[in-house]
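Build me a structure from this.
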Amino acid sequence: MPCLFTLAALVVVLGQTYAQTSVTVEAASLLQQIDGFGVSQAFGRAAEFRDLLSGDPQQQGLDYLFNATTGAGLTIIRNRIGSGTTDSDSILPNSPGGPSVAANYTFDDDDRGQVWFSQQAMKYGVKIIYADAWSAPGFMKTNNNENNGGYLCGTPGHTCSSGDWRQAYADFLVQYVKYYNARGIPITQLGFLNEPDYVTSYSSMQSGANEASSFIPILYDTLEKNGLNNVSLTCCDAMGWNSQKSITQGLVSAGMEKYLKYITSHMYSSDPNSVIPTNLKTWQTEAADLQSRWCATWYSGGGQCEGFTWANKIHNGLANANLSAYIYWQGVEVNQFQASSYLVASDGETLTPSGRLWAFAMWSRFVRPGAYRVSTSGSVSSTGITAFKNTDGSVVVVFLNSGGSQQTVKVSFSDFTPAGAEAFVTDNTRSVAPVEAAFSDGTVTVSVPSRGMLTVKLAAAA
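The predicted model follows:
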């Protein structure tokens, strides 16, 4: 029988032997700040949520998304700034006649349900509301259409007979922010592009770093002139991380970091798995499984709809790309079972949360806005580890075990004295379920199940 181990000891549980590994959380070693985790209900999904669900089912859907005790505790929503040709989709559906002609803006106080959705999220304490435009109105673009790409008139290399619409587009975006602010819904982040590297049949607008750099200072100055300097600018919600890296290089070279606060990307063509060279925070602002039929599964071989798959994606983004936020595409959908592009499904009466929702919950319930990711030392076989320090002084450690056997881990702390520990597990049979965390002499020992997650939250000693 072994008599001494440096990092590992043998622990016998129910007749089985497991390797026990030691990990140290370096609570004073601060990495990126965390803004949170979130969803969207764009393209009318917010109105469907409101109108097709009522009473207890509607409340349950909201709780699944935003309740930090029974749901995921999400803290960010992403709204779409519409650019269509109807009053319900755009605040400027018709051209005023030219870029220097006064615009006749209109707002229907609904915005396809996004006003309601924003108000509901705010009731749960959500403070981060990101408004993003998929396209400028068609009459401001080279193709005279909100769909099928096209460039903003007046950007480098893209002249239009109707003139330069860059200032008019900035005014349009700022007016949208004003409408929301007037209704007690403060827009905190503002984007003017969505997947500018992708041309599609719905609202879309092309842009590279040069085009974006010619517009960003105009939009920044327009916000300033309207007393909206508290609104942070983002760019550019590219299709994938590698594409956004390339665009960001051009933005940095053009000096755009002084105007922007966030670099934003999607994950459809490449996941966030490495750091983008920038001084700005980085967000993953849209992610989803658009191919698989909807499922609620946690783990069954590693399919794209499974919760464990998405837990790994979030972990890699936080640990390897230094993400400050991770946003899924849709939250709640009704009678839409064709793809796993949303976290909660409903037939109009019964709601079914997915394993992907619980993957988000294992971070978002416990790692709150303003937290910092902190360093850890030591490793656990087949297990990813992220640790965080919240603004209230508590420390959270999240384990993700990709291996075929349970891992028992002893966690100690540097520059932090815990007062106690609580632990929660998610796997094929449990969803954010409380489990035992053995706490003794300032250390905690936990067991991380195979293909499962375990989150430990530790309060700071007074």
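
is it fair to say Ile129 lies in a helix?
No - looking at Ile129 with DSSP: H, G, I helix; E, B strand; the rest coil, it is strand, so not inside a helix.

How many neighbouring residues does it have?
22 (other CB atoms under 10 Å). From N, CA and C alone the C-beta is placed, and that goes for glycine too.

Give me the distance between Tyr179 and Gly227.
Counting by CB to CB, to the nearest Å, the gap from Tyr179 to Gly227 is 15 Å.

quick one, which of these two is more surrounded?
Looking at Tyr179 and Gly227 with other CB under 10 Å, you find the greater number of neighbours at Tyr179, namely 18 against 10.

SS state for that one?
Criterion first, three-state DSSP; result for Tyr179: helix.

Could you find the closest non-adjacent residue to it?
Phe107 (4.5 Å; CB to CB, 6 or more residues apart in numbering).

can you pull the contacts of Leu318?
Ile34, Tyr326, Trp363, Arg373, Thr386 (CB atoms under 8 Å, 6 or more residues apart in numbering).

so the residue nearest to Tyr179, which of the three states?
coil.

Adding neighbour count and pLDDT, write the contacts of Leu318 out as CSV.
Listed next are the contacts of Leu318 as CSV, based on neighbours: other CB atoms under 10 Å; pLDDT from 0 to 100:
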residue, neighbour count, pLDDT
Ile34, 26, 98
Tyr326, 27, 98
Trp363, 26, 98
Arg373, 22, 98
Thr386, 21, 98
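
Take those and write them to JSON lines, including distance to Ala103 and secondary structure.
Listed next are the contacts of Leu318 as JSON lines, based on distance: CB to CB, whole Å; DSSP: H, G, I helix; E, B strand; the rest coil:
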{"residue": "Ile34", "distance to Ala103": "38", "secondary structure": "coil"}
{"residue": "Tyr326", "distance to Ala103": "36", "secondary structure": "strand"}
{"residue": "Trp363", "distance to Ala103": "42", "secondary structure": "helix"}
{"residue": "Arg373", "distance to Ala103": "43", "secondary structure": "strand"}
{"residue": "Thr386", "distance to Ala103": "46", "secondary structure": "strand"}
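
residue ranges with poor pLDDT in the chain?
For the chain, the stretches flagged by pLDDT under 70 are 1-20.

Break it into its domains for me.
As recorded under automatic domain parsing, the domains making up the chain are 8-31+373-460, 36-371.

just those: most buried one?
Compared across these, domain 36-371 shows the largest average neighbour count, a mean of 20 (mean count of other CB atoms under 10 Å).

Would you point out which residue is most central in this protein?
With distances taken as CA atoms, centre = their mean, Ile327 lies nearest the centre of the chain, 1.9 Å away.

tell me which element that one falls in.
Take DSSP states H and E as the rule and Ile327 turns out to sit in strand 325-334.

which secondary structure elements does the following helix or strand past that strand contact?
Note on strand 325-334: by DSSP H and E, the next helix or strand toward the C-terminus is strand 342-346. In terms of contacts (3 or more CB pairs under 8 Å, 6 or more residues apart in numbering; DSSP states H and E), strand 342-346 is packed against helix 55-66, strand 325-334, strand 351-353, helix 355-364.

redo that, cut-off 6 Å
Packed against strand 342-346 by the contact rule (3 or more CB pairs under 6 Å, 6 or more residues apart in numbering; DSSP states H and E) you find strand 325-334, strand 351-353.

Measure how far the longest one is from the centre of its chain, please.
Taking CA atoms, centre = their mean, to the nearest Å, the mean C-alpha location of strand 325-334 is offset from the chain mean by 8 Å.

what lines up beside that strand in the sheet?
strand 36-40 (parallel), strand 281-286 (parallel), strand 342-346 (parallel) (DSSP bridges).
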